[in-house]
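Novice: pasting the sequence and the predicted coordinates here, then a few questions.
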Amino acid sequence: MAASDQKLAIVILISGNGSNLQAIMDAIDHGELPATIRAVISSRQNAYGLQRAVTAGIPTEVLKHEDYLDRKTYDHALQTRIDHYQPGLIVLAGFMRMLSANFVSHYAGRLLNVHPSLLPAFTGLNTHQRAIDAGAKEHGASIHVVTEELDAGPVIIQARIPVSGDDSTETLAAKIKQLEHRIYPLVIRWFAERRIHIQEDSVVFDGKPLTGPLDYPSIKKATR
Ligand code: NHR
Ligand code: GAR
């Protein structure tokens, strides 16, 4: 069996810049992530992440929601395309379309998302501005299991930063993205190494059910 056949096959869904996609590609290239990206699928034609995938020779597809009658038909088309690549894991990386219950249950146990907040705080959109408006003293990034309810699935890992008075949405976004680029490849590697098992609404890590998010970087030091 070819070496690539033994690696975790992933399909990455994007809608924009693709810096998380790039971080995952880089981790693979640096030999830090035993996975292979079988395809990058974008909900937007102009997503720069598509260029990143093309440059790396990764197959790309675009499914624009405006080309479909409704969410149901969009999700079904998206599911058909994803299943063509037979991935062991589907990674949402800045994917901007809410996904239906049928889609989520079809990928139960193998659907992850990166969210730019310390969930359960600030689910949904515009998290940085909302954190500033709320006077949050800290903010961060979460990798969570995707469930039917938006941004409500079990959180696997979180990384946090202090929010200073002169922080803007731009400075927060830049700092949070740096954290995302570390924790997402790490979680995907644990999934590839079968250290993470996802059930309906719980996560088992190294044989122990998670009772709350792992903390980055302390978990990295603890599990070197
Ligand atoms: N789908 C389900 N069922 N559960 C989750 O946890 C999901 C999901 C789909 C996407 C990413 C999420 C984020 O990280 C995500 C998590 C888009 C929206 C949204 O409101 C909300 C959350 C997220 C992604 N999208 C609008 C919609 O009508 C469109 C917004 C736009 O196009 O700019 O789908 O924040
Ligand atoms: C990331 O910061 C991610 O947390 C956020 O979009 C960015 C995507 O950046 N996700 C959402 O806001 C989803 N609603 P990228 O395209 O450079 O990876």
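Specialist: Now that the structure is in, tell me what you want to look at. Ligands and ions are numbered 1, 2, ... in the order given.

Novice: buried stuff in stretch 22-40?
Specialist: For stretch 22-40, a neighbour-count test (16 or more other CB atoms under 10 Å) marks 22-25, 27-28, 33-40 as buried. C-beta here means a position set from N, CA and C on the backbone, and glycine is covered the same way.

Novice: dump those to CSV, plus pLDDT, secondary structure and distance to ligand 2.
Specialist: Listed next are the buried residues of stretch 22-40 as CSV, based on pLDDT from 0 to 100; DSSP: H, G, I helix; E, B strand; the rest coil; distance: CB to the nearest ligand atom, whole Å:
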residue, pLDDT, secondary structure, distance to ligand 2
Gln22, 98, helix, 8
Ala23, 98, helix, 8
Ile24, 98, helix, 9
Met25, 98, helix, 11
Ala27, 98, helix, 14
Ile28, 98, helix, 16
Leu33, 97, coil, 16
Pro34, 97, coil, 21
Ala35, 98, strand, 17
Thr36, 98, strand, 19
Ile37, 98, strand, 14
Arg38, 98, strand, 18
Ala39, 98, strand, 16
Val40, 99, strand, 11
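
Novice: these into a markdown table, with extra columns for distance to Asp201?
Specialist: Shown next, in a markdown table, are the buried residues of stretch 22-40 (distance: CB to CB, whole Å):
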| residue | distance to Asp201 |
| --- | --- |
| Gln22 | 31 |
| Ala23 | 27 |
| Ile24 | 25 |
| Met25 | 30 |
| Ala27 | 28 |
| Ile28 | 29 |
| Leu33 | 26 |
| Pro34 | 27 |
| Ala35 | 25 |
| Thr36 | 29 |
| Ile37 | 27 |
| Arg38 | 27 |
| Ala39 | 28 |
| Val40 | 28 |
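
Novice: got the contact list for the closest residue to ligand 2 within the chain?
Specialist: Residue of the chain nearest ligand 2, by CB to the nearest ligand atom: Gly94 (2.6 Å). Gly94 is in contact with Ile14, Ser15, Gly16, Asn17, Gly18, Ser19, Asn20, Leu21, Gly49, Val114, counting by CB atoms under 8 Å, 6 or more residues apart in numbering.

Novice: next: Ser142.
Specialist: With contacts defined as CB under 8 Å, 6+ apart, Ser142 is in contact with Val114, His115, Ser117, Leu118, Leu119, Val155, Ile157, Gln158, Pro213.

Novice: phi, psi of the second one?
Specialist: When read as degrees, to the nearest 10, the backbone of His115 gives phi -120, psi 140.

Novice: ok, the helix or strand hosting Val114: who's next to it in the sheet?
Specialist: According to DSSP states H and E, Val114 maps onto strand 111-115. With DSSP bridges as the test, strand 111-115 is paired with strand 89-92 (parallel), strand 138-145 (antiparallel).

Novice: export these to JSON lines and tack on distance to ligand 1?
Specialist: Shown next, in JSON lines, are the strands paired with strand 111-115 (distance: least, CB to the nearest ligand atom, whole Å):
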{"stretch": "strand 89-92", "distance to ligand 1": "5"}
{"stretch": "strand 138-145", "distance to ligand 1": "7"}
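
Novice: which element follows the helix-or-strand element of the chain with minimal mean pLDDT toward the C-terminus?
Specialist: Sorting the helices and strands of the chain by mean pLDDT, DSSP states H and E puts helix 3-6 at the bottom, at a mean of 62. Helices and strands here follow DSSP H and E; after helix 3-6, the next one along the chain is strand 8-14.
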